[in-house]
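**Q** Provided below are the primary sequence and the corresponding predicted coordinates.
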Amino acid sequence: MKPAPKTYAVKSFGCQMNVYDGDRMAELMAAQGLTQVDPTEADLVVLNTCHIRERATEKVYSDIGRLRKEALRDIGRAPMIAIAGCVAQAEGAEIVRRAKVDVVVGPQAYHNLPELVARAARGESALDTDMPVDMKFGHLPARRRVPPSAFLTVQEGCDKFCTYCVVPYTRGAEVSRGWDQIVDEAKALVDAGARELTLLGQNVNAWSDDERGLHDLIAALAEIPALARIRYTTSHPNDMTQGLIDAHGDIEKLMPFLHLPVQSGSDRVLQAMNRSHSRDSYLRILERVRARRPDIALSGDFIVGFPGETDADFEDTLSLVGAVGYAQAYSFKYSPRPGTPAATMAEQVPEAVMDERLQRLQAALNRDQAAFNAATVGRTCQVLLERPGKLPGQLIGKSPWLQSVHLVSDAAIGDLVEVTLAEAGANSMLGTRTA
């Protein structure tokens with residue numbers, strides 16, 4: 001048995017949905033009367049894990065050992081450790097056996113975290129990796145104070161079964177939260193300080209409620225008076241409806257930014273990935289989006305070195321990048337995830353080849369990001385101030401195109417200020433206050 005914890009810390013890794021889940025777990029612990037402290041001082045540490053990248057599981061075991069070592073050094077005792085998120089779902093009881101952790105809880109069951117912690121304190125088994133039909137959101141506490149830009153999960157899971165991806169196995173099938181529940185949480189987030197909401201989902205544009213789609217939900221949220229901005233991520237090309245495309249031209253509060261992963265510019269590789277869209281269909285979607293919102297900033301995801309990817313396939317990816325001109329993008333080397341079809345495919349690409357391709361791809365993406373940022377110099381736009389900068393009087397916020405903007409201002413965090421984008425850096429912009 002262990003004493004019931006009085007303090008806690010939550011460390012989240014990976015995607016924005018994990019950040020959202022980590023915030024909700026923190027709220028669960030706070031609702032139990034626990035105090036949030038630094039991980040090295042906490043009685044309970046929750047590691048909210050991600051399973052997307054290679055060696056994610058081994059990193060979790062390394063973090064567990066490091067946490068125990070630091071806690072023993074600093075406070076003379078090891079904390080109660082809870083493993084949450086996708087590694088917890090994938091590994092289950094193996095983590096308990098191998099690392100002797102106290103609690104293991106999957107991403108669809110974390111609303112049970114307080115009860116699991118209580119069980120662990122009593123010396124009982126505390127493992128829950130169920131994926132109940134009854135979604136967790138109705139069991140979570142009311143939202144507390146949040147930053148000016150907040151996340152709101154509206155959809156979870158994936159039915160696409162891309163051959164490289166573990167999400168369908170760790171997050172389950174696609175499930176949409178109900179309309180009323182989302183609207184209520186959005187209003188609560190705005191009441192708690194949010195000026196901008198980013199709607200989250202593994203395939204967020206697959207969200208639906210009866211006959212209503214994501215564009216209908218965005219239109220409804222835009223009616224919340226104190227909500228100034230709306231974004232959404234991550235989208236799948238197959239769920240990019242005309243209604244959602246039109247929303248980018250019709251709804252002023254929907255920011256001119258679209259993250260639409262393509263993964264490869266080669267139809268042959270896309271088919272092997274089971275992406276269910278083609279190079280041409282993807283480019284035609286972007287044409288339709290730009291027709292409705294000409295100033296939109298585009299973002300994407302790319303995997304290089306997928307099994308069987310040839311030099312010609314990779315050149316197709318580079319040519320697609322050149323055709324699109326992304327404002328920003330994420331790119332990764334393929335890493336085999338256990339249990340996925342791609343992990344056992346023939347023609348695994350050598351590491352050195354993947355390294356060289358990734359460097360070339362990132363050089364092209366960095367070139368286009370720099371070009372996009374340079375093209376916005378001289379524009380006047382609203383910037384939502386989110387946090388202080390490192391220099392005296394400096395504040396950092398986001399432009400409508402999701403650029404990080406640094407400026408000196410006497411405004412307050414959470415303010416929307418008129419700014420002229422004066423200078424483009426490698427990954428950010430310098431702005432000057434115009435009003």
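**A** Here it is on my side, so go on. Residues are numbered from 1 along each chain as shown.

**Q** would you map the strands across the stretch 251-400 of the chain?
**A** Secondary structure of the stretch 251-400 of the chain, counting by DSSP state E, counting those that start in this stretch: strands at 257-259, 297-304, 328-333, 380-388, 394-398.

**Q** next: the stretch 1-150 of the chain.
**A** Assigned by DSSP E, counting those that start in this stretch, the stretch 1-150 of the chain shows strands spanning 7-12, 35-36, 44-49, 80-85, 103-105, 127-128, 149-153.

**Q** output the below-cut-off pLDDT ranges for the stretch 1-150 of the chain.
**A** Per-residue confidence of the stretch 1-150 of the chain (counting by pLDDT under 70) places the weak regions at 1, 52-56, 133-135.

**Q** ok, now with 50
**A** Counting by pLDDT under 50, not a single residue of the stretch 1-150 of the chain qualifies.

**Q** that older thread, wait, which of the strands of the stretch 251-400 of the chain is closest to Ala88?
**A** If you check each of these against Ala88 by Cβ to Cβ, strand 328-333 wins as the nearest, at 22.5 Å. Just so you know, the C-beta spots here come from the backbone N, C-alpha and C atoms, and that holds for glycine as well.

**Q** show residues contacting that closest one.
**A** The set of residues external to strand 328-333 that reach it, using Cβ atoms under 8 Å, 6 or more residues apart in numbering, is 53, 297, 299-305, 321, 351, 354-355, 358, 361-362, 365, 369, 372, 402.

**Q** got a quick ChimeraX command for the buried subset of these?
**A** Command for ChimeraX that selects the buried part of these, burial taken from 16 or more other Cβ atoms under 10 Å:
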select :297,299,300,302,303,304,305,321,354,358,361,365,369,372,402
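
**Q** thinking again about what came up before, would you mind putting the strands of the stretch 251-400 of the chain into CSV with distance to Ile182 and mean pLDDT alongside?
**A** Rendered in CSV, the data for these read as follows (distance: least, Cβ to Cβ, whole Å; pLDDT from 0 to 100):
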stretch, distance to Ile182, mean pLDDT
strand 257-259, 20, 98
strand 297-304, 23, 98
strand 328-333, 26, 96
strand 380-388, 21, 97
strand 394-398, 22, 97
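
**Q** ok, the nearest residue to Ala412 once chain neighbours are set aside - how many residues close by?
**A** Closest residue to Ala412 apart from its sequence neighbours, by Cβ to Cβ, 6 or more residues apart in numbering: Leu385 at 7.1 Å. Per other Cβ atoms under 10 Å, the neighbour tally for Leu385 reads 23.

**Q** who's in contact with Leu385?
**A** Contacts of Leu385 by Cβ under 8 Å, 6+ apart are 148, 395-397, 409, 411-417.

**Q** how much space between it and Leu391?
**A** In this structure, Leu385 and Leu391 are separated by 14 Å, where distance is defined by Cβ to Cβ, to the nearest Å.

**Q** could you do His51 as well?
**A** Shown here: His51 relative to Leu391, a distance of 38 Å by Cβ to Cβ.

**Q** which one's more surrounded, the two?
**A** In this comparison of His51 against Leu391, neighbours counted by other Cβ under 10 Å, the higher total goes to His51 at 24 against 9.

**Q** residue contacts, the nearest residue to that one once chain neighbours are set aside?
**A** Closest residue in space to His51, ignoring its immediate chain neighbours: Cys86 at 3.7 Å, by Cβ to Cβ, 6+ apart. For Cys86, the contacting residues are 14, 49-52, 56, 106-107, 166-167, 170-171, taking Cβ under 8 Å, 6+ apart as the criterion.

**Q** Arg288 too?
**A** Going by Cβ under 8 Å, 6+ apart, Arg288 touches 242, 245.

**Q** switch to 10 Å and redo it
**A** Arg288 makes contacts with 240, 242, 245-246, 248, as judged by Cβ atoms under 10 Å, 6 or more residues apart in numbering.

**Q** out of these, which end up buried?
**A** Applying 16+ other Cβ under 10 Å to these flags 240, 245, 248 as buried.
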